[in-house]
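**Student:** turn this into a structure:
(chains A and B)
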Number of protein chains: 2
Amino acid sequence: MADAITPRDEDYSQWYLDVVKAAKLADYSPVRGCMIIRPNGYGLWENMQDALDKMFKDTGHENAYFPLFIPQSFLAKEAEHVEGFAKECAVVTHSRLTVSEEDGELMADPESELEENLIVRPTSETIIWDTYSKWIQSWRDLPILINQWANVVRWEMRTRLFLRTMEFLWQEGHTAHATREEAVEEARQMLEVYTSFAEDFMALPVIQGTKTPSERFAGAVETYCIEALMQDGKALQAGTSHFLGQNFAKAFDCTFQNKNNELEYVWATSWGVSTRLIGALIMTHSDDKGLVMPPRLAPTQVVIVPIFRNDDEKVQVLEVADRIRRELDTRDVAVKLDARESQRPGWKFAEYEAQGVPVRLAIGPRDVKNENAEIARRDTGEKSIVPQAGLPDRIVALLDEIQQSLYDQAFSFREEHTTEVSDYDEFKEVLKEEGGFIIAPWDGTDESEAQIKEETKATIRCIPFDQDDVEGTDLVSGKPATHRVIFAKAY
Amino acid sequence: MADAITPRDEDYSQWYLDVVKAAKLADYSPVRGCMIIRPNGYGLWENMQDALDKMFKDTGHENAYFPLFIPQSFLAKEAEHVEGFAKECAVVTHSRLTVSEEDGELMADPESELEENLIVRPTSETIIWDTYSKWIQSWRDLPILINQWANVVRWEMRTRLFLRTMEFLWQEGHTAHATREEAVEEARQMLEVYTSFAEDFMALPVIQGTKTPSERFAGAVETYCIEALMQDGKALQAGTSHFLGQNFAKAFDCTFQNKNNELEYVWATSWGVSTRLIGALIMTHSDDKGLVMPPRLAPTQVVIVPIFRNDDEKVQVLEVADRIRRELDTRDVAVKLDARESQRPGWKFAEYEAQGVPVRLAIGPRDVKNENAEIARRDTGEKSIVPQAGLPDRIVALLDEIQQSLYDQAFSFREEHTTEVSDYDEFKEVLKEEGGFIIAPWDGTDESEAQIKEETKATIRCIPFDQDDVEGTDLVSGKPATHRVIFAKAY
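**Tutor:** Prediction:
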């Protein structure tokens, strides 16, 4: 039987961990802050990867693979970059273990100390731009449109499964262009790709915008992002795409000869999403019974649970169940028939509910006789008895309906939890009572942003695109606002 | 233009590196022994992954992900395992960089020294069996059939792109079973999967067998392997599957309650193949002009090169070229139309030849007029003018023919370079003059094996399965042979 799940209104953090555990998505590992992604969690990630990878390839990108280790000196080459990452990284200093003469325990062999420390990549701009400087000579070598699927490590002190772990899985795109315009266009295009993925696959409505200077990626000229709202009223950054200008090209001396035979520095972008998205998915759709998966990403979309009490019934029920399984399979529905006799149907119902399988079909002897099946929707809990005839069509339509319904529900939730305020008292009141996204005027200064963060823990999540005439005054400085921005407490 | 390639008979090692470079498969990185896998190389790996992953899932396995870092104490728990891996591993000792007060350079922050060193995984048995010990209580929890796609690090002193690199990509399967028989069956089943993959996808004939005790995986009871013969007469281990007995279950106290309510240790297997296979593929099929890819793994199976001298010709030629591209695309042929005008047709011919694209189509104004196209086969170099009508059928059949032909050629080569010997003088003579696989009688002792290795550098690659009556005497001890084994010098 699935483990008990703490209700959300009792303890949201514990609910989250309980869902991860009950749905068998992940476990903490013996290494502090590292995570074991279990088959159910990894199946979700594989489906995310498939969808994203296809979108990357459709927009002209190729995959490649760069080394896990980055020479310490590389990190130092871009000033802001080292500032951003040196304080939380795994440092490799030795290449061998030996047995200590003192206590007989294993230890790093002092004789194997490296000449230069290696850093386990927290992100790969440095090693990639070192490489690009060798690959690029002429405008003919541009653009380079490369993506990498990889693990990265950031030494986080406070970790949380999927949301913030020391090691996580992600993709990082790194592109090289001949002009600023082309690079900006690429960075914006990839933000659109992330938006489509979040909305169409994850059923996760997002707001697009630009990060403020203080929230930019270390080394970026501009960071574009998509921001989503979780059920507890906190924001989650779901993806970022950076216009890096010529910062990394300059740090790694990456130039090209343009069509006029002049040497120019190359323009860069990078963009990434990670296993963190699984956390976003959980916190957007799930409920007190466990995980709810959007059908388009569910490794199992439909589970069939056969019900029988003796061998005669078993033969009859399994024949029908297997026929339905095959019919759904030919319609490209990810279907699983759980005919195990080591577990009872009630156990299986609870198990697949906790695991978030979108549709459950139950088939018993009476259903065989009446040529029916029982359909249960995971998202609403609705059950109905339907004829076996036409079942595949009905299921295919139902999966689409659930996908849309999850999106609509998340969208409504966000609308209901987005408040526009014009003064600081109102801001603090809304933040305290309701949370959510708070739209407010901002004067564009680091000082105001920092003061609000200091006093309320809310940060500017993004400056939404396409700002028309901005009215009002900054919440703390009282100066005329230059932007309308979105504040929230964030993961 | 593609870089010049050293002929094989002049310098085989240099030829290999030249092919890797000319085909744009990989580069060395600034980190000694680490490799950058370029899009052409990664595309091959993606196709290998796709094929293998499907075979793993068809045999009931699921993917998961375990941490990159392994606590130092875990390595020590299995005696042979630590012996095998402690001498070549990347040791993480600190979690932060700081600026040295002495010289102003970055250094590992002494205050961030870890309580316990972390090892970058050289393989994951230890962390996985620690986890399994928490997941497994009862026979109902078995079997566990998990695979992981991951990067691993082994601190090799002498590295070679793809064949032996400090970091490499691989898959590692780790399964847990209730009985010895089931575990042995699993290990043997996965060797069959590897064999099918090597022969059907890589066009690489392999010999299946068991490793001698001295060549076993560190911690295994039995190591099964597939061995292939390269063009230079050296052997390459193309995949291994290990029956681990209860060694890791005992090291990590992993027990289960069987159906009779008794506690037993769990039985284990592990199995893996790596990016090393790309090296095997190169050394099996390629020639002095560059890479030759088997069609079933080629990211681009057909390249279309249009030829024109003016805009009129361009319009006509591209119309036909694009029609053919679309026709091939609908037949699921991986086709690329290279219409770039920044490079000349002759440059493209050389480029795709070096990159090993199996079939090249050239279309010029005369072909448009005569409704023809020129087909060139990469493997044989044959060219022919064929009608555009029926071209897709012809190409699909040709790709199959090339796949089979590459296999047949590699198979013949192996047959021609496999020699059966009965005494040590003959053995040394064959090893020196021809290399290849040498089948010889062996008395089953470590001593004979070690002496032959010491004196000739040849090792026992495997003990082939299904030995009938063994005749003859051991090459060095003169004692009656217990096995007929395959010797070779190896990568």
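**Student:** so A:E455 is in which element?
**Tutor:** helix A:446-456 (DSSP states H and E).
**Student:** can you check A:S342 too?
**Tutor:** Here A:S342, judged by DSSP H and E, is contained in no helix and no strand.
**Student:** from chain B, how far out is it?
**Tutor:** For A:S342, the distance to chain B equals 5 Å [C-beta to the nearest C-beta, to the nearest Å]. Quick note: C-beta positions are derived from backbone N, CA and C, even for glycine.
**Student:** how about A:D322?
**Tutor:** Taking C-beta to the nearest C-beta, one finds A:D322 at 17 Å from chain B.
**Student:** please apply the same query to A:K336.
**Tutor:** Taking C-beta to the nearest C-beta, one finds A:K336 at 12 Å from chain B.
**Student:** equivalent analysis for A:E416, please.
**Tutor:** 36 Å.
**Student:** pLDDT score for the nearest residue to that residue once chain neighbours are set aside?
**Tutor:** Among residues not flanking A:E416 along the chain, A:G436 sits closest, at 7.9 Å (C-beta to C-beta, 6 or more residues apart in numbering or on different chains). Note on A:G436: pLDDT of 97.
**Student:** A:K428: how many residues sit nearby?
**Tutor:** 17 (other C-beta atoms under 10 Å in any protein chain shown).
**Student:** any buried residues in the host helix or strand of it, and which?
**Tutor:** Per DSSP H and E: A:K428 is located in helix A:424-433. Using 16 or more other C-beta atoms under 10 Å in any protein chain shown as the test for burial, helix A:424-433 gives A:424, A:427-428, A:430-431.
**Student:** cool, and stretch A:87-99?
**Tutor:** Neighbour counts over stretch A:87-99 (16+ other C-beta under 10 Å) mark A:88-97 as buried.
**Student:** show me the strands in the stretch 101-250 of chain A, by range?
**Tutor:** For the stretch 101-250 of chain A, applying DSSP state E, counting those that start in this stretch gives strands covering A:106-108, A:113-120, A:144-153, A:167-177, A:207-210, A:222-229, A:235-245.
**Student:** show me what from the stretch 151-300 of chain A comes close to chain B.
**Tutor:** The stretch 151-300 of chain A comes close to chain B at residues A:151, A:153, A:155, A:167, A:169, as judged by C-beta under 8 Å from any C-beta of the partner chain.
**Student:** which one of those is nearest B:A373?
**Tutor:** Distance to B:A373 across those (C-beta to C-beta) is lowest for A:L169, with 44.1 Å.
**Student:** check contacts around the closest residue to that closest one other than its chain neighbours.
**Tutor:** Residue nearest to A:L169 in three dimensions, not counting chain neighbours: A:T275, with 4.7 Å by C-beta to C-beta, 6+ apart. Taking C-beta atoms under 8 Å, 6 or more residues apart in numbering or on different chains, we find A:T275 in contact with A:37, A:45, A:162, A:165, A:168-170.
**Student:** distance to A:K489 and pLDDT added to those residues, as JSON lines?
**Tutor:** Putting the contacts of A:T275 into JSON lines (distance: C-beta to C-beta, whole Å; pLDDT from 0 to 100) gives the following:
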{"residue": "A:I37", "distance to A:K489": "27", "pLDDT": "98"}
{"residue": "A:W45", "distance to A:K489": "27", "pLDDT": "98"}
{"residue": "A:F162", "distance to A:K489": "19", "pLDDT": "97"}
{"residue": "A:T165", "distance to A:K489": "20", "pLDDT": "95"}
{"residue": "A:F168", "distance to A:K489": "22", "pLDDT": "97"}
{"residue": "A:L169", "distance to A:K489": "26", "pLDDT": "98"}
{"residue": "A:W170", "distance to A:K489": "24", "pLDDT": "98"}
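**Student:** can you tell me which of the residues you listed is nearest B:Q246?
**Tutor:** A:I37 (26.5 Å).
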